[in-house]
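Participant: Predicted structure and sequence below. I'll ask about it afterward.
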Amino acid sequence: AYLTKPFDKDELLTRLSNLLEMRKVLQKKYSAPNYGDQRTNTDIPMDIGIVSKEPANNQQHPFLAKVEKIILDRLEDEDLSVNELSRQLHLSTSQTYRKIKALTGMSTVLFVRQIRLREAKLLLLSGDISISEVAYQTGFRSPVYFSQVFKEVFGESPSIFVKKQS
């Protein structure tokens, strides 16, 4: 925001309030558990066999679209670290953290995990592969950890989720 000097106190406070409100709206939008998944379960074809390598939400912030594309390109890579992600973005790890935190309200690690879980959910809907295979294909080192995190985010274990979809 640009303000001419001398500053009008009321105008300054109004602009600050508007900026903070816009930031909260963006954080709420990008921190939703099913962020990027604009489709409902019934809209997702049951024959999904591979993970889409395109960002799920074309209307998202360009920086987040770039981050998501990098994550999706290396979805199976369980060694994708914040340092590697930052290197590919040509930013420092702290700058990457600040930008993702400002846009989503989440840390970089949580944002990466959310994208992995969203893709895992799509793979589970296909019904063609086991839960362990889904865990490994989405970059989780352990199926047990994958199940714990999936239950924490979606409120039910992957096996129950799969049974409900059948």
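Facilitator: Good, I have the coordinates.
Participant: how far is the top helix by length along the chain from where the chain is centred?
Facilitator: The longest helix of the chain (DSSP state H) is helix 9-31. Relative to its chain's centre, helix 9-31 lies at 22 Å (CA atoms, centre = their mean, to the nearest Å).
Participant: Tell me the buried residues in it?
Facilitator: 26-27, 29-30 (16 or more other CB atoms under 10 Å). Glycine gets a C-beta too; all of them are placed from N, C-alpha and C.
Participant: Which residue ranges of the chain form helices?
Facilitator: Going by DSSP H, the chain shows helices at 9-31, 62-73, 82-89, 93-104, 108-126, 131-137, 143-154, 158-165.
Participant: if you compare those, which one is most tucked away?
Facilitator: Across the helices of the chain, the average number of neighbours (mean count of other CB atoms under 10 Å) peaks for helix 108-126, which reaches a mean of 21.
Participant: Okay, now the unreliable bits of this protein?
Facilitator: 1, 31-59 (pLDDT under 70).
Participant: Now do the closest residue to Val109 other than its chain neighbours against Leu103, distance only.
Facilitator: Closest residue in space to Val109, ignoring its immediate chain neighbours: Val82 at 6.3 Å, by CB to CB, 6 or more residues apart in numbering. Distance from Val82 to Leu103, counting by CB to CB, to the nearest Å: 16 Å.
Participant: And for Asp77, the neighbour number?
Facilitator: 11 (other CB atoms under 10 Å).
Participant: Any chance of the helices of the chain in JSON lines with distance to Leu3 as columns?
Facilitator: JSON lines is the format used below for the helices of the chain (distance: least, CB to CB, whole Å):
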{"stretch": "helix 9-31", "distance to Leu3": "6"}
{"stretch": "helix 62-73", "distance to Leu3": "26"}
{"stretch": "helix 82-89", "distance to Leu3": "32"}
{"stretch": "helix 93-104", "distance to Leu3": "21"}
{"stretch": "helix 108-126", "distance to Leu3": "33"}
{"stretch": "helix 131-137", "distance to Leu3": "51"}
{"stretch": "helix 143-154", "distance to Leu3": "42"}
{"stretch": "helix 158-165", "distance to Leu3": "51"}
